[in-house]
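**Student:** pasting the structure only:
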DNA sequence: ACCAATTTTCAGAAATTTCTGAAATTATAA
DNA sequence: TTATAATTTCAGAAATTTCTGAAAATTGGT
């Protein structure tokens, strides 16, 4: 490995974290390296920095592109592909969240939907009831997430800072409206 | 495998999903089975239903208990351990989220904190700046999550249904307050 | 069209994770 | 205390995932 020392520990850590975030160790390291490096990097530079094979880098970059987390940036006078993060840290985080939603939640929802369809008989069975509860919870979550996802980073940050304080604002709204 | 046919496809699916949710196939199947079954189940019943070894069930139950997703329920006249979901579907979902936060976010935040501490020199380097951005984003998220987590299911459901509509409510509050 | 540079692919090797089942441990009851 | 029932442990086997590197495919320039 030949990572700049000031980012080494984070790059290594993010690799270890990798599997928990939905990709493998080297993909995690590659992502961290690209995000923390100001200059666009080509595949050979990445392979050298992380001490992994050229083939592995190629596969990893394909993976990161399928997540829309990196993009290529042409460098004048060089025909190699150079890679950059595909957006700000905020945008990357949102991108990870929606990609994970797509991979972790959507398939389950789709199984539940068809399961709840093909079983008119057992409408009232305990298991049917529980599957409906899970289904409704996932739908609620997805609706919320899609909605939230459209907001500007600024508004979203405000909302996050507010947290459960939103409850108080809702109360206040009611009080003000009934007064008028 | 010897799963009741009306839940088989979901149990199998949740097993396949397992790794994406932070546990392995059999742990995922065990969890789905326990949640969808009305009666408390003992380890032998689980092993038989899923067609896996007794030892594997023991390890899986330990894992599910470490996530606080299942608990034992003593059955009168039987000294085996019987297992039930540790709460409602809603509570289980919240539990999964906070456990994943603990495993996926907290370690990264802690690495970032110490990284940002031990480098007064490079305060202005690009990588330092990016690490701070990531750090601040994670802190914001965690603060929000902790806050949200305290809310009652009822209020939280309302909030989720509202989605980005909260923005409008905030605007309305401002307008009402300045009018008065 | 040809050549050289670059990227991708993929079969097999290496590493990691999961699973089994028999032995060890722990708990309960007589 | 002893016998029996139940659970846990863990070494090695099996399954799965990740990685390498050489060959194949693609790209771009002349």
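**Tutor:** On my side now, so go ahead. It should be emphasised that the depicted structure is a prediction, and the values quoted were computed from it without experimental measurement.
**Student:** what's around the residue lying closest to residue A:35 once chain neighbours are set aside, how many residues?
**Tutor:** Nearest in space to residue A:35, with sequence neighbours left out and distances taken as CB to CB, 6 or more residues apart in numbering or on different chains, is residue A:85 at 4.9 Å. (Glycine included, C-beta is placed from N, CA and C.) Using other CB atoms under 10 Å in any protein chain shown, residue A:85 has 20 neighbouring residues.
**Student:** quick check on residue A:85: phi, psi?
**Tutor:** The phi/psi pair for residue A:85 (degrees, to the nearest 10) reads phi -60, psi 150.
**Student:** centre-most residue in chain A?
**Tutor:** When CA atoms, centre = their mean is applied to chain A, the residue found nearest the centroid is residue A:96 (1.2 Å).
**Student:** element containing that one, please.
**Tutor:** Using DSSP states H and E, residue A:96 sits in helix A:89-100.
**Student:** could you do residue A:83 as well?
**Tutor:** strand A:82-85.
**Student:** partners of that strand, with directions?
**Tutor:** strand A:41-42 (antiparallel), strand A:70-72 (antiparallel) (DSSP bridges).
**Student:** quick check, residue A:159 in contact with residue A:153.
**Tutor:** No - look at residue A:159 against residue A:153 with CB atoms under 8 Å: they stay out of range, at 10.6 Å.
**Student:** between those two, tell me which one has more neighbours.
**Tutor:** For residue A:159 versus residue A:153, the count of surrounding residues by other CB under 10 Å is larger for residue A:159: 18 against 12.
**Student:** how about that one, nearest residue that isn't a chain neighbour?
**Tutor:** Using CB to CB, 6+ apart and skipping residues adjacent in sequence, the residue nearest residue A:159 is residue B:166, 6.1 Å away.
**Student:** report how many residues lie close to that neighbour.
**Tutor:** Neighbour tally, residue B:166, other CB under 10 Å: 20.
**Student:** and the strand or helix carrying it, average pLDDT?
**Tutor:** Counting by DSSP H and E, the element that carries residue B:166 is helix B:165-179. Averaging pLDDT along helix B:165-179 gives 70.
**Student:** quick check, pLDDT for the residue nearest to the centre of chain A.
**Tutor:** Reported pLDDT for residue A:96: 96.
**Student:** coming back round to it: check the offset of the strand holding residue A:83 from the chain's centre.
**Tutor:** 18 Å (CA atoms, centre = their mean, to the nearest Å).
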